[in-house]
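Novice: Just a sequence and a predicted model for now, questions to come.
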Amino acid sequence: MAGRNNTEGVSFDLTYGNFPVFIITIVGVASNVLLLVAFGKDPLKCFRNSGTYLVMNLSVTDCLTCVLAPFSHAITIADSRLIFEYLLQWMASVSLALILAVSIDRFILVAYPIRHHALVNGKLIALWLAAAWVVSFILPVLRWIASSTWNFKTKNTSNCVFVIIIIIFSALFYASTYYKLKKQSRNIASQVSNESRAQQLRLLKETQFLKTIMLVACIAFVCTVPSMTFFQITDILAVRKDIPVFQTFSKIFMCLFYINFAVNPFIYVIRFPNYRKTFHILFYKKGL
């Protein structure tokens, strides 16, 4: 059944085509809310570190993206829809900036393990988070001004360039961190002592965390870049938006885009034992 509902002058498009996006975002909201509850409760006291604070903020942006997405696709009034589209761009930009921040934090932790707490203290984390939110708020405004000054294609191109730049820098930091972890692991493997075994255990944990965050970054790349490229190309070629082929591919790429924001909590629970134990204590033993 398809239809449009009107509430106080706001029109909602509730057609079948929007249902996949609605389902993905509902799952995303539920999974990220559960993850945030786990961060807040923290029964194992294992989430009090810089990496977790950054991941927690990443979960907040993913959750807000999933909350905003249905309104962006269902509201048919142009002015109202534009507001939600701007908020979505803001959340997506913050999410990418936080992935870069996590990569920098992991690099400092591995490259300078003794000085990490001094270099990445609470004030710096707060500064990183504030910069991620503020800069990501300003960038869509600048892109909107650019599109008004020049054309809409300029805005789409700048979006794609921004995503690629963030991903390239994140990849460089992750690659450097992974190289240093491997180098340290080889050095420790040649030593036989209680201290070296403790260091090796620390490196194993860091490698596990790094691989997981790299997986999250790869999913972000696979989900966002093809989607943005598709819409940019169709805008440049001035493809008609009402033809069935465009609408079909549009829905597919939109679903792919939002999967990025819904899947991360599942990855954390699958990859991290502490996350699994926390979820087991909070939601299985006590019951949802």
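Specialist: Happy to help now that I have it.
Novice: Please make it C-alpha for all contacts and neighbour counts, starting now.
Specialist: Noted.
Novice: so is residue 202 in a helix, a strand, or just coil?
Specialist: For residue 202, the assignment made with DSSP: H, G, I helix; E, B strand; the rest coil gives helix.
Novice: Can you report how many residues lie near it?
Specialist: Residue 202 has 13 neighbours, counted by other Cα atoms under 10 Å.
Novice: which stretches of this protein form strands?
Specialist: Secondary structure of the chain (DSSP state E): strands at 4-7, 10-13.
Novice: For the stretch 151-288 of the chain, give me the ranges with low pLDDT.
Specialist: 151-160, 188-200, 235-236, 238, 285-288 (pLDDT under 70).
Novice: measure the residue nearest the centre of the chain to residue 18 for me?
Specialist: A centroid search over the chain (Cα atoms, centre = their mean) returns residue 95, at 4.1 Å, as the residue closest to the centre. To residue 18, residue 95 is 23 Å away according to Cα to Cα, to the nearest Å.
Novice: ok, and for stretch 204-224, which residues are buried?
Specialist: Residues 206-207, 209-210, 212-214, 216-217, 219-221, 223-224 are the ones in stretch 204-224 that count as buried (16 or more other Cα atoms under 10 Å).
Novice: Out of these, which sit inside helices?
Specialist: 206-207, 209-210, 212-214, 216-217, 219-221, 223-224 (DSSP state H).
Novice: re the thing from before, could the buried residues of stretch 204-224 go into a markdown table alongside distance to residue 46?
Specialist: Conversion of the buried residues of stretch 204-224 to a markdown table gives the following (distance: Cα to Cα, whole Å):
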| residue | distance to residue 46 |
| --- | --- |
| 206 | 14 |
| 207 | 17 |
| 209 | 13 |
| 210 | 17 |
| 212 | 17 |
| 213 | 17 |
| 214 | 21 |
| 216 | 20 |
| 217 | 23 |
| 219 | 25 |
| 220 | 26 |
| 221 | 29 |
| 223 | 30 |
| 224 | 31 |
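Novice: Residue 254: what's it in contact with?
Specialist: 21, 227 (Cα atoms under 8 Å, 6 or more residues apart in numbering).
Novice: please renumber so the chain begins at 29
Specialist: Happy to do that; since the first residue is 29 now, the last one works out to residue 282.
Novice: That one and residue 151, how far apart?
Specialist: The value you get for residue 282 to residue 151, if Cα to Cα is used, is 37 Å.
Novice: contacting residues around the residue lying closest to residue 287 once chain neighbours are set aside?
Specialist: Computed as Cα to Cα, 6 or more residues apart in numbering, the closest residue to residue 287 that is not its neighbour in sequence is residue 52, at 6.5 Å. Contacts here follow Cα under 8 Å, 6+ apart; on that basis residue 52 touches 283, 286, 287, 290.
Novice: Repeat that for residue 60.
Specialist: Counting by Cα under 8 Å, 6+ apart, residue 60 makes contact with 87, 88, 90, 91, 290, 293.
Novice: One more pass at 10 Å, please.
Specialist: Contacts for residue 60 (Cα atoms under 10 Å, 6 or more residues apart in numbering) come out as 66, 84, 86-92, 94, 289-294.
Novice: next one: residue 49
Specialist: Contacts of residue 49 (Cα under 10 Å, 6+ apart): 94, 97, 98, 101, 279, 280, 282, 283, 284, 285, 286, 287.
Novice: quick one, helices of the stretch 29-178 of the chain?
Specialist: Using DSSP state H, counting those that start in this stretch, the helices of the stretch 29-178 of the chain run over 47-69, 78-102, 106-139, 144-147, 150-177.
Novice: Could you dump those into JSON lines and include distance to residue 303 and mean pLDDT?
Specialist: Formatted as JSON lines, those follow (distance: least, Cα to Cα, whole Å; pLDDT from 0 to 100):
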{"stretch": "helix 47-69", "distance to residue 303": "8", "mean pLDDT": "91"}
{"stretch": "helix 78-102", "distance to residue 303": "11", "mean pLDDT": "86"}
{"stretch": "helix 106-139", "distance to residue 303": "18", "mean pLDDT": "82"}
{"stretch": "helix 144-147", "distance to residue 303": "23", "mean pLDDT": "82"}
{"stretch": "helix 150-177", "distance to residue 303": "22", "mean pLDDT": "78"}
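Novice: out of those, which comes closest to residue 301?
Specialist: Ranking the helices of the stretch 29-178 of the chain by distance to residue 301, with Cα to Cα as the measure, places helix 47-69 first at 13.3 Å.
Novice: if we can go back for a sec, between the contacts of residue 60, which is closest to residue 147?
Specialist: Distances from residue 147 to those, taken by Cα to Cα, are shortest for residue 84, at 20.2 Å.
Novice: Cool, thanks, signing off.
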